[in-house]
Structures are given as C-alpha cells and as structure tokens.
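The sequence and its predicted three-dimensional model are supplied below.
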Amino acid sequence: MNPKGILLVISAPSGAGKSTLIRMLCRDYPGFGFSVSYTTRKPRENEVHGKDYFFVQKDEFQGLIAKNFFAEWAEVHGNFYGTPARQVLESIQEGRSLIMDVDIQGARQIKNNLQQGAYIFIFPPSLDDLRQRLMHRGSDTAGAVEKRLQNAAGEMLKSDFFDYWLVNDDLDSSYARLKAIVLAEMQRPFIRPDLARKIASGVHYDS
Ligand SMILES: Nc1ncnc2c1ncn2[C@@H]1O[C@H](COP(=O)(O)OP(=O)(O)OP(=O)(O)O)[C@@H](O)[C@H]1O
Ligand SMILES: Nc1nc2c(ncn2[C@@H]2O[C@H](COP(=O)(O)O)[C@@H](O)[C@H]2O)c(=O)[nH]1
C-alpha cells in the first residue's frame, strides 16, 4: 500500500471555482484520480459524458440508488448527483489519491462513512464576485444562476465541519494555497488499512 495516497473532498458554492482549481491540480498531479459523478443535470456545452459526469435520466439514477451503487448521493439545486462507490473503495484499498467534487451534503456523508480524507471548502471572495463568475461563465440560465446564488449563503454557513477553508480570490495565490494543503496531506499516513479492509469485506455504505 502506498501511504501517500490522499483523499481530497472539495466543496464550494456553485461558481466559487472548485472545478477550475481541481483542473489545475489534476494537471500538476497526473497520478490523482478524479471521481466522476453521476447526475441528472443536463450536460453543459463542452462537458463530456464519462469525463465530467455520467449524465443519466432520473429513473436510471433512482435505480442506481436502489442498488446501493453510490457512496453518497444528494439533491443539489434541483438535480441529483451521486458518487459511485467503486472508485472510492478501489482508491482507498490501493492507496491511490482521489479528488472528489461534491456538495456539502455529500462531503458530510463521505466524512461520516469513511472517517478519513481532507475536507476543503472553497469560498468566493464575496457574493457579488460569485454572481459575476456564474454570469460570466455563461453555462447556466438566469433562473439556474439565481437558484445557485440563493443556495450559496446557506452552504457557506454550514461549512464548519471542513478541515480547510480556502478563499478563492486571486486564482494563482489560491492555487498555491491549495497545493500547500495537498503537500501537507501527502505527509500524513492517513489511509487506514483496517477501515479499507472492513469496507472491502462488506461493511455497508449508507447513502
Ligand atoms: N480566482 C478566480 N478569479 C476569477 N474567476 C475565477 C476564479 N476561479 C474561477 N473563476 C471563474 O469562475 C467561473 C466559475 O468557476 P468554476 O466553474 O470552476 O466553479 P465551480 O465552483 O466548479 O462551479 P460549479 O459547482 O457550478 O461547477 C469560471 O468561469 C472560472 O473561470
Ligand atoms: N453530493 C454530491 N454533489 C455533487 C456530486 N457531483 C457534483 N456535485 C455538486 O453538485 C453541485 C452542482 O454541480 P454542477 O456541476 O451542476 O455545477 C456542486 O456543488 C458540485 O460539487 C456528487 O457526486 N455528489
């Protein structure tokens, strides 16, 4: 087992910049896996099925819930999102690093179930910046942007269980701070083989 495998669970209000920062990490750490979620949201332009998400219909998603396919799942901004359990389990068992991009409900479920990992919450510098970023990105309808902004304050107020808070103001400086967190986490022999063995032998994941 590679003791340097780390599990990074990253959450943020929509538009705060987590996908941007995760893309930068994946570029600099090609050995890190990215947990590709399932969602019932419609694909955005440039999103690739199987790379950004697995895009599925609601009935398929519900069937997967019934089969205990997900390590966690949640309804976020009116759509369903879920993390397939298999990649998380395999990464832990094999000591490989994995990045998860989940909302705060998902982060809480993963933390409760796995009791390991580094939980990072990314803040925008302000709600005005968040609005501008979402509008400038241009990937969501005005209604969807409003819904995401309305949810942002509540998400930020529930972020106290995260290990790290990162304000994504200047991108380069934020990325340097994120990398410092990653480097620190890599010094921790945090993968717990006993837990991996328990999960591998059939301990149930509650979603
Ligand atoms: N530090 C920054 N300064 C200015 N703009 C930024 C910064 N970080 C990201 N952005 C821009 O903000 C927009 C939203 O970023 P991104 O898509 O990474 O957010 P997100 O948190 O992943 O959102 P979602 O949860 O909706 O996927 C993008 O257009 C991105 O280029
Ligand atoms: N609980 C989960 N949340 C997830 C998962 N994958 C993504 N997300 C979160 O959903 C929102 C919206 O994402 P978007 O791509 O539609 O902008 C964002 O907070 C993501 O972190 C998941 O598997 N589980």
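That came through, no problem. The structure presented is a predicted model; accordingly, all values stated were derived computationally and were not measured. Ligands and ions are numbered 1, 2, ... in the order given.

which bits of the protein sit near ligand 2?
If contact is defined as C-beta under 6 Å from any ligand atom, the residues of the chain in contact with ligand 2 are 11, 14, 37, 41, 72, 74, 76-77, 81-83, 101-103, 105-106. For every residue, glycine as well, the C-beta is placed using N, CA and C.

where's the dip in pLDDT among the residues you listed?
The member of the residues of the chain next to ligand 2 with the lowest model confidence is H77, at 91 (criterion: pLDDT).

For G78, list the residues it contacts.
The neighbours of G78, taking C-beta atoms under 8 Å, 6 or more residues apart in numbering as the test, are K147.

quick one on the thing from earlier: most neighbours among the residues of the chain next to ligand 2, which one?
Highest neighbour count within the residues of the chain next to ligand 2, by other C-beta atoms under 10 Å: E72, with 27 neighbours.

Could you tell me whether that one really is in a strand?
Yes. Counting by DSSP: H, G, I helix; E, B strand; the rest coil, E72 is found in a strand.

Got phi/psi on F34?
Note on F34: backbone dihedrals following degrees, to the nearest 10 are phi -120, psi 130.

Correction: the previous question concerned L157.
Recorded main-chain torsions at L157 are phi -70, psi -20, according to degrees, to the nearest 10.

So the closest residue to ligand 2 within the chain, which state does it fall into?
Closest contact between the chain and ligand 2, by C-beta to the nearest ligand atom, is at G106 (2.5 Å). Secondary structure of G106, reduced to three states by three-state DSSP: helix.
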